[in-house]
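Enquirer: what's the 3D shape of this:
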Amino acid sequence: MLWKRVFWGFFFATACGGARAPNPCEGVSCPTGSVCEGGECVVQPRCDPSHAPWSSGRVAFVDRTEAWGLVGVEGTRIAAVDYDGDGWTDLFVRRGVGRGDDDFGGHRSIWLLRNRGDGRFEDVTADSGIVSRRSGQPGGRPVDVVAFADVDNDGDLDAYLGVSTADLERTGGERSELMIQGPDHRFTVKEDSGDLRLENEIDSVAAASFVDVDLDGDVDLWTPHHGYVQGRRFVFRPPRLYENDGRGHFRDLTEALGLLTRPWVNIEDINRGLAHPRAWSGAACDLNNDGLPELLAASYGRAPNLLFRSIGSPLAPRYENVSVASGYAYDDNMVWQDDQFARCYCQANRSAEGCADVPPPMIACADHWDHATGRQPFRLGGNSGATMCGDIDGDGDLDLLTTEIAHWWAGQGSDLAEVLINTGDPEVRFIRPGRASMGIEIPRDDPRGWNEGIMTGAIFDFDNDGRQDLYFGMSDYPGNHGVLFHQEERLRFVKVPREEGIDHNRSHGIAIADFDRDGDLDVVVGHSHMRCGPPDDCYPTMQVHFFENQMGGNFISLRLEGVRANRSAIGARITVRAGELLQVREVEGGYGLYGQQNDLVQHFGLGPHCEAEVEIRWPDASLSRERFRLAAGHRYRIVQGMPPRLDDPPSAR
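Expert: Take a look at the predicted model:
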C-alpha cells in the first residue's frame with residue numbers, strides 16, 4: 001500500500017539521522033536543451049504557443065544575398081545539400097548548358113559553396129575536385145544534371161554529374177560521371193561506375209533522382225532523358241534506371257524492370273504515354289503508400305508526362321506504366337478550337353474536320369498547325385518543367401505540383417502549372433481541382449499577349465504553421481516573376497505580395513533549406529537571361545539571390561541515417577502529428593528541371609504546438625517503423641534503430 005511505502009521511507013530516512021534518499025540526477029550532465037528528470041535527460045521544448053502564421057502586412061523574407069557572400073554567383077540550377085556533413089547546408093549552383101570552367105576565376109559556370117555556419121558561403125569548387133575531369137586535364141567538366149547521395153554507404157555524400165554528349169566538343173570528351181567523396185571531402189571520378197556513363201551512345205540526361213527501388217540498402221539512379229537534335233530531326237530518348245551494387249557500380253535495369261518506352265512512331269503509343277518522354281525533369285516518391293517508390297518523368301514540348309507504378313515487392317521490383325490512367329500524363333481538357341494557329345488553319349480550310357464553326361484568329365497567321373496531330377491528346381498537354389511530391393492537403397499521402405510553360409495563344413487545351421491531388425487509390429490516381437478553386441490564379445492584365453514560364457517551383461511551409469505553401473518560379477518571358485502562395489486553410493491559398501515575400505524577376509531555379517539553422521526555411525533562387533524585356537525585365541547578371549526567412553515559429557527538424565536502409569535514408573517516409581496537424585514527407589534524392597535538390601534534413605512546422613508524434617518508415621526490405629515523441633524547437637539526428645539525439649547548432653546549445 002502507498003501509505004506503507006511513504007511511512008517506511010520516512011522511517012529509514014529519520015532512523016539514519018535524517019539522511020535523504022539519493023538524487024538520481026546527481027552527477028548527470030545533460031546537453032544544453034535538456035534537463036535531468038529521474039536520472040534521465042529530457043529535452044525541453046523551445047516553443048511559443050502564441051506564434052501566428054503569416055498574414056498580410058507581415059514581411060516573410062528579406063534579400064540577404066550580399067551578406068551571405070553570394071555576389072557573383074550566377075545560375076538557374078541549384079542544389080541544397082550538406083556535402084561535407086558538418087551540419088550546415090551547402091549550395092551547388094550551375095548556370096546551365098555551358099563548357100567546363102578552365103579556371104575558377106573570371107567567367108564562371110559552376111560553384112560549390114560551403115556554408116561556413118557564420119552566415120556566409122565560401123567557394124570550394126576547385127579544392128573539392130567535384131568537377132575534375134576523367135581525362136586528367138586541368139579545369140572543370142561541364143555539368144548539366146546533378147544529384148547527391150551516399151552511394152557507397154561510407155558516411156559521406158557522393159554525386160552523379162550528368163552531361164549531354166550530343167556536342168562532344170562542348171564537353172571536351174567528358175561524359176556523365178559518378179564522383180566519390182573521400183574522407184578529406186575531395187571528390188574523385190569513380191573509375192568503374194558501370195553503365196551510367198553511356199559510353200557507346202549519345203547521352204541526353206535531363207534529370208536525376210537517387211532512389212532505392214529494391215529496398216536493398218543502397219541507392220539506385222533514375223535518369224529521364226530529353227533527346228537531341230540530329231540534322232533536322234529531333235531524336236527522343238528513353239529514361240534509364242540503374243541498379244547500384246552497393247559499391248558504386250551501376251547496371252542498366254530499365255528493360256528488366258518494365259520501364260521500357262517506345263519510339264515516336266505510332267500516335268496511339270504517344271497518346272497512351274507509352275513513348276519516350278521529352279523529359280525536362282524527373283522525380284521518385286511513394287504515391288500509394290506501399291513502401292515502394294513510383295518513378296516520374298515530366299516532359300517538355302507537349303509530350304505526355306510519364307508515371308511508372310511499382311508493382312513488385314521489396315528486393316524484386318517491377319513497374320507498370322500508368323501515365324494516362326493516373327491523370328498525370330496530361331489533363332482532360334481536349335479543347336483545341338481556341339488555339340490561335342488552329343483558328344488560322346480553320347479560317348483557310350473551313351471544310352476540314354471540325355473547322356466549320358471555329359472563330360477567326362486574333363493573331364497574324366502563320367503555318368504552325370498540323371490538323372492531323374494538333375487535335376490529338378498528346379498535343380493538348382503541357383510543356384512541363386518540373387514535378388514535386390508533397391502532402392499539400394495534409395491528408396497523409398503525397399500529392400504533386402507540376403510546373404508548366406503556357407501561352408495565351410495555345411488556348412485552354414494547354415496544361416497550366418497546378419496541383420494534382422492524390423485520391424489515395426492503390427492504383428495511383430489524381431484529380432485536378434484547378435487553380436481557381438484553390439486561389440492560386442495568376443491574374444492577367446490583358447487576356448492576350450501573356451506567357452507563363454513556370455519551370456521550377458517548391459512545396460514548403462515558410463511560416464511553420466504546419467500547412468504546405470507553394471512557390472512558382474516564373475521566368476523567361478516579359479512580365480514573369482516568382483510568386484509565393486500561402487495556404488491559409490486546407491487547399492485554399494492566398495498570394496503573398498512581392499514586397500512581403502520573395503521579390504524576384506524571372507525566378508528560375510530554387511533550393512530550400514534552413515541555411516542559418518534558426519528554425520525556419522530560407523530560399524535561394526536563380527535568374528534566367530532568356531527573352532529579356534520589360535515588364536519585370538532581366539537583372540544585369542544571372543545572379544542568384546538568397547532570401548532569408550523572418551517568420552520563426554515552432555518546428556522540429558530531422559536528420560536521418562539509415563543502417564539497414566541506405567545511409568542517406570533516401571525514401572524514408574516521415575509522418576508527423578501535432579494537434580490537428582498531419583504532415584507526411586519523404587527524403588528525396590534529387591528532382592526537377594536538370595537536377596534540383598533540397599536539403600536531406602526534413603523540416604516540419606508545428607503551428608502552435610510544442611511537441612509532435614513522429615513515425616519513420618525506413619526504406620529497408622521489411623519497411624521497419626520507429627515512433628518517437630519529440631519536443632519542438634530542436635533538430636534531431638536519428639540513426640536507424642537508436643533513440644533520437646539532439647543535433648542543434650553550437651549557438652543554440
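
Enquirer: Tell me the buried residues in stretch 191-199?
Expert: Ser193, Gly194, Asp195, Leu196, Arg197, Leu198 (16 or more other CB atoms under 10 Å). To be clear about C-beta, it is placed using only N, CA and C from the backbone, and glycine gets the same treatment.

Enquirer: oh sorry, the question was meant for stretch 339-358
Expert: Asp339, Gln340, Phe341, Ala342, Arg343, Cys344, Tyr345, Cys346, Cys355, Val358.

Enquirer: first vs last residue of that stretch, how far apart are they?
Expert: Stretch 339-358 has an end-to-end distance of 10 Å (CA to CA, to the nearest Å).

Enquirer: Report the rounded mean pLDDT for it.
Expert: For stretch 339-358, the per-residue pLDDT values average out at 98.

Enquirer: now do stretch 150-165
Expert: Mean predicted confidence for stretch 150-165 is 97.

Enquirer: Contact partners for Pro239?
Expert: 222-225, 254, 259, 261, 276-277, 279, 282, 295, 297, 306 (CB atoms under 8 Å, 6 or more residues apart in numbering).

Enquirer: Scan those residues and report the most crowded one.
Expert: Comparing the contacts of Pro239 by number of neighbours (other CB atoms under 10 Å), Ala297 comes first, having 34 neighbours.

Enquirer: partners of that one in the sheet?
Expert: Gly282, Leu306 (DSSP bridges).

Enquirer: same check, this time on Leu630
Expert: According to DSSP bridges, beta-bridge pairing links Leu630 with Ala612.

Enquirer: okay, now it: neighbour count?
Expert: 22.

Enquirer: What does the pLDDT read for it?
Expert: For Leu630, the predicted pLDDT is 98.

Enquirer: Distance check, it against Pro619.
Expert: 21 Å (CB to CB, to the nearest Å).

Enquirer: Show me which of the contacts of Pro239 is closest to Asn549.
Expert: The closest of those to Asn549 turns out to be Gly282 (CB to CB; 28.0 Å).

Enquirer: and the next element down the chain from the helix or strand harbouring Thr403?
Expert: Taking DSSP states H and E as the definition, Thr403 sits inside strand 399-407. Next in sequence after strand 399-407, counting helices and strands by DSSP H and E, comes strand 418-422.

Enquirer: So what are the sheet partners of that following strand and their directions?
Expert: Checking strand 418-422 against DSSP bridges gives partners strand 399-407 (antiparallel), strand 430-431 (antiparallel).

Enquirer: Please dump the buried residues of stretch 191-199 into TSV; it should also carry secondary structure for every row.
Expert: Formatted as TSV, these follow (DSSP: H, G, I helix; E, B strand; the rest coil):
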residue	secondary structure
Ser193	coil
Gly194	strand
Asp195	helix
Leu196	helix
Arg197	helix
Leu198	coil
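
Enquirer: what ranges do the helices span in the stretch 401-550 of the chain?
Expert: 435-438 (DSSP state H, counting those that start in this stretch).

Enquirer: Where does the prediction get shaky in it?
Expert: Scanning the stretch 401-550 of the chain for pLDDT under 70 picks out no residues.

Enquirer: just the strands in the stretch 551-653 of the chain please.
Expert: 555-561, 573-578, 581-586, 602-605, 611-617, 625-631, 634-639, 645-646 (DSSP state E, counting those that start in this stretch).

Enquirer: Make a markdown table from those and add distance to Pro24 to it.
Expert: Shown next, in a markdown table, are the strands of the stretch 551-653 of the chain (distance: least, CB to CB, whole Å):
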| stretch | distance to Pro24 |
| --- | --- |
| strand 555-561 | 28 |
| strand 573-578 | 30 |
| strand 581-586 | 35 |
| strand 602-605 | 33 |
| strand 611-617 | 23 |
| strand 625-631 | 21 |
| strand 634-639 | 24 |
| strand 645-646 | 21 |
